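Undergrad: need a 3D model of the sequence below.
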Amino acid sequence: MKSNTTHFSPRRGMALAGLGSAALVVLALVLTRQLQLEPCPLCVFQRFLYLAVAGFALTGAVWPRTLTATGALALLPAVGGLVTATYQSWMQAFPANFIKCSIGVPSNPIEHLVDRLGEWWPTMFYAWGDCTSREWSLFGLSMANWSAVMFLGITLVLVLTLRARR
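TA: A predicted model of the protein is given here:
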């Protein structure tokens, strides 16, 4: 008797992680424009990490010989995004405990990177908001909270993909 279970394809896993990450960047841009949201340096850094995941994951999906290497490379920004979004969620939960994270003179490597990216491609990467602000929420979760959930999902897909590859 044949099993009806679906075989997990590493290429599909990479495509899911890559296309999902790219779609989340598009969604962030649309929400920012339509709702006139003010992205902060951590929000913009997360966009950069989603794009990195998308680039590595889609490369692995298109060229399966590179899947193990590109999967591992995609996992790095996915975990980095999870940490960043979780940190921002913590900042939003306890804003009085943090110095405002917003535009001005960059004070750390992430802000320096975001500043440079904003000069290069302002529509995508220019940051002018406050990291502790909860301008938008859905079902009680801020955009940073949702980003943490999405990065967790992408991380799990990539881990399952790499395990299936073995």
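Undergrad: drop to CA atoms for contacts and neighbour counts, all remaining ones
TA: Will do.
Undergrad: tell me which residue is most central in this structure.
TA: In the chain, the C-alpha closest to the average C-alpha coordinate belongs to residue 50, at a distance of 3.6 Å (CA atoms, centre = their mean).
Undergrad: and that residue, what does it touch?
TA: With contact set as CA atoms under 8 Å, 6 or more residues apart in numbering, residue 50 has these partners: 21, 22, 24, 25, 77, 78, 81.
Undergrad: what helix or strand is it located in?
TA: Assigned by DSSP states H and E, residue 50 falls within helix 41-62.
Undergrad: need the longest helix for this structure.
TA: Of all the segments of type helix in the chain, defined by DSSP state H, the longest one is helix 67-93.
Undergrad: what about residue 99, distance to residue 51?
TA: Residue 99 sits at a distance of 28 Å from residue 51 (criterion: CA to CA, to the nearest Å).
Undergrad: how about residue 146?
TA: Counting by CA to CA, the gap from residue 146 to residue 51 is 17 Å.
Undergrad: more neighbours, the two?
TA: Between residue 146 and residue 51, counted using other CA atoms under 10 Å, the more crowded position is residue 51 (22 against 18).
Undergrad: neighbour-wise, which of the contacts of residue 50 leads?
TA: Neighbours here mean other CA under 10 Å. Within the contacts of residue 50, the largest count is held by residue 78, at 30 neighbours.
Undergrad: okay, it and residue 54: tell me how far apart.
TA: From residue 78 over to residue 54 the distance is 10 Å, taken as CA to CA.
Undergrad: before we move on, what about residue 9?
TA: Distance from residue 9 to residue 54, counting by CA to CA: 17 Å.
Undergrad: looking at those two, which has the bigger crowd around it?
TA: A count of neighbours by other CA under 10 Å puts residue 54 above the other of residue 9 and residue 54, at 27 against 13.
Undergrad: just give the closest residue to that one, not the sequence neighbours.
TA: Residue nearest to residue 54 in three dimensions, not counting chain neighbours: residue 18, with 3.8 Å by CA to CA, 6 or more residues apart in numbering.
Undergrad: also residue 79?
TA: residue 155 (6.4 Å).
Undergrad: what of residue 62?
TA: With CA to CA, 6+ apart as the measure, residue 11 is the residue that lies nearest to residue 62, at 7.7 Å, once sequence neighbours are left out.
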